[in-house]
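Peer 1: pasting a predicted model and its sequence here:
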Amino acid sequence: MHMCRQFRHISSLSKYMVLILTGQLHVGPDSGIMNRQGGLSKKSRYVLAIAILFLMAAFASRPGVCFAGTHTIMDAKGRKIHVEQPFSRIISLYGAHTENLFYLGLTTEIIGVSVHDRFPPRVDSKQRFSYHDDPEKFLAARPDLVLIRPMIDNGYPDFVRQLERFNITVVSLQPSDVNEMFAYWMTLGQLTGKTAAAEELVTDFQKKTRQIASLLPPVAARKKVYFEAIHARMKTFTHGSMAIYALETAGGINVAADAPSSRNTNIANYSKEKILAKAQEIDVFLAQKGIMNPVSIEQIVTEPGFHIIKAVADSRVYLVDENIVSRPVPRLLQGILAIGDLLYPDIFAKIKKDL
């Protein structure tokens with residue numbers, strides 16, 4: 001039986017107990033719990049009171065239990081969602097949502113994923129959806145929750161309004177830094193009745209990153225790194241973004257910490273002139289590689305002017321899969337380890353054995 005339904009049944013039973021105790025509900029004389037005058041015996045009152053306290057306390061101490069009406073979620077668009085019971089027919093239109101839902105242990109509850117989702121491999125068994133699809137396709141699938149991100153909310157408001165018009169709950173989420181990522185995991189847990197699993201994800205991730213931090217070299221001995229986001233436009237990442245968090249947690253020092261955000265995103269403006277001005281400071285040149293930045297090492301090292309960068313001259317230019325450094329998912333830990341391997345291979349060989 002689902003935990004939320006269990007709680008509702010026990011809550012209802014407890015209400016009946018309260019009514020009996022207060023004399024608003026009478027039980028038959030053959031029930032065995034009434035005294036001869038037609039009221040509850042002192043012993044029966046005591047036993048029922050203890051039962052109520054035990055049942056309610058037991059459920060209150062369970063973080064994975066979804067209490068009816070307990071959770072009120074506010075999404076990135078300002079919607080308030082009152083979660084009375086876990087959503088159980090979910091369509092996810094963002095890869096990070098999909099990945100996190102699987103990490104929380106949800107399988108049958110995920111009835112649809114984005115056309116772009118590739119991880120985990122189990123997404124291949126799910127029906128594919130897009131915000132370009134006709135809303136009737138969503139209606140036919142009968143979701144009770146559609147998870148989106150602000151880009152969809154802002155770019156396709158008519159699509160969102162049509163879903164909401166048919167009483168489909170739409171929730172827009174996308175954390176911008178690691179603290180928000182932990183809160184985001186907890187929100188997904190609250191929406192799906194998986195708060196215990198979400199807490200475990202957060203605890204495990206934090207424990208492992210603390211372990212990594214304890215083994216890093218002293219700050220004075222750490223590598224200075226430029227982390228490229230988009231080569232064609234000479235973009236890097238903002239301070240506090242997932243990618244820079246991964247870099248710094250792996251022991252790298254971001255030489256472009258002063259880079260300003262581009263359009264309030266986690267992508268930052270940084271010109272070639274600024275990169276070259278710090279050419280001799282850059283021990284390692286990292287670039288994310290993927291759909292956002294389809295770059296090669298050859299493109300980077302042959303970029304006009306880049307030959308004066310210390311990392312280029314020392315052949316310390318590396319590519320990192322964008323899926324493990326830019327998304328708010330537990331795989332970010334893999335990104336930290338991948339970057340650490342490039343910066344301090346000896347140290348991270350030991351770290352990986354201990355984790």
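Peer 2: Nice, thanks for sending it over.
Peer 1: what about the helices in the stretch 101-250 of the chain?
Peer 2: 135-141, 150-155, 157-165, 178-192, 195-213, 242-249 (DSSP state H, counting those that start in this stretch).
Peer 1: how about the second one, which residues are buried there?
Peer 2: This means helix 150-155. Buried residues in helix 150-155, counted by 16 or more other C-beta atoms under 10 Å: 152, 153. No exception for glycine: its C-beta is placed from N, CA and C like everyone else's.
Peer 1: could I get it in PDB with only the CA atoms?
Peer 2: Output in PDB follows, covering the C-alpha atoms of helix 150-155 (Å, rounded to 0.1, in the frame of the first residue of the first chain):
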ATOM      1  CA  PRO A 150      11.800  28.000 -17.000                       C
ATOM      2  CA  MET A 151      13.000  28.100 -20.600                       C
ATOM      3  CA  ILE A 152       9.700  26.300 -21.600                       C
ATOM      4  CA  ASP A 153       7.600  28.400 -19.300                       C
ATOM      5  CA  ASN A 154       9.000  31.600 -20.800                       C
ATOM      6  CA  GLY A 155       9.200  30.500 -24.400                       C
END
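Peer 1: report how many residues lie close to residue 298.
Peer 2: By other C-beta atoms under 10 Å, the residues close to residue 298 number 9.
Peer 1: packing partners for the one helix or strand it maps to?
Peer 2: Using DSSP states H and E, residue 298 sits in helix 297-301. Packing partners of helix 297-301 (3 or more C-beta pairs under 8 Å, 6 or more residues apart in numbering; DSSP states H and E): strand 317-321.
Peer 1: could you check the angle the strand it packs on makes with helix 242-249?
Peer 2: Between strand 317-321 and helix 242-249, the angle comes out at 120 degrees (axes from the mean of the first three to the mean of the last three C-alpha atoms, to 10 degrees).
Peer 1: now the residue nearest the centre of the chain: how far from residue 113?
Peer 2: A centroid search over the chain (C-alpha atoms, centre = their mean) returns residue 185, at 3.7 Å, as the residue closest to the centre. Distance from residue 185 to residue 113, counting by C-beta to C-beta, to the nearest Å: 18 Å.
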